[in-house]
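Engineer: what's the 3D shape of this:
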Amino acid sequence: MRRFFRLAGDTIEADHAPLAEKLHRASPHWMRHTHATHALGRGAQLATVRDNLPHASVSTTSTYLRSDEVKRARQLGEVFGARK
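Structural biologist: Reported below is the predicted structural model:
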């Protein structure tokens, strides 16, 4: 994967230097988190993404939500959260 990212970065470096730099630093770990962010942004359920990563807690996975989604998730968590 690292070789793929480096090749992709080299290919676009002349036209898109900032993006090329991101690709040069990319790793499979980075891909996991990019996948999580995009999946949540497109409507995947938080628990599904949590299980796919896998994270032990939904709160860990919620770090990949955008700020407006974080607010919405927090509010719903308060309403439907774990009961003591």
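Engineer: C-alpha from now on. contacts and neighbour counts both.
Structural biologist: OK.
Engineer: buried set for the helix or strand harbouring Ala36?
Structural biologist: Taking DSSP states H and E as the criterion, Ala36 maps to helix 28-41. For helix 28-41, burial by neighbour count (16 or more other Cα atoms under 10 Å) applies to 36-37, 39-40.
Engineer: contacts for it?
Structural biologist: Helix 28-41 is touched from outside by 1-2, 46, 49, 53, 61, 64-66, with contacts defined as Cα atoms under 8 Å, 6 or more residues apart in numbering.
Engineer: that older thread, nearest to Asp15, of the buried residues of helix 28-41?
Structural biologist: Thr37 (25.7 Å; Cα to Cα).
Engineer: Glu78 versus that closest one, what's the distance?
Structural biologist: 22 Å (Cα to Cα, to the nearest Å).
Engineer: do Thr60 as well
Structural biologist: Distance from Thr60 to Glu78, by Cα to Cα: 16 Å.
Engineer: cool, and His38?
Structural biologist: 24 Å.
Engineer: Lowest-scoring secondary structure element of this protein by mean pLDDT?
Structural biologist: helix 67-80 (a mean of 75; mean pLDDT, DSSP states H and E).
Engineer: for Arg6, what are its contacts?
Structural biologist: 23-24 are the contacts of Arg6 under Cα under 8 Å, 6+ apart.
Engineer: for it, helix, strand, or coil?
Structural biologist: Of the three states, Arg6 takes helix under DSSP: H, G, I helix; E, B strand; the rest coil.
Engineer: State the distance from it to Ala20.
Structural biologist: Counting by Cα to Cα - Arg6 and Ala20 are separated by 8 Å.
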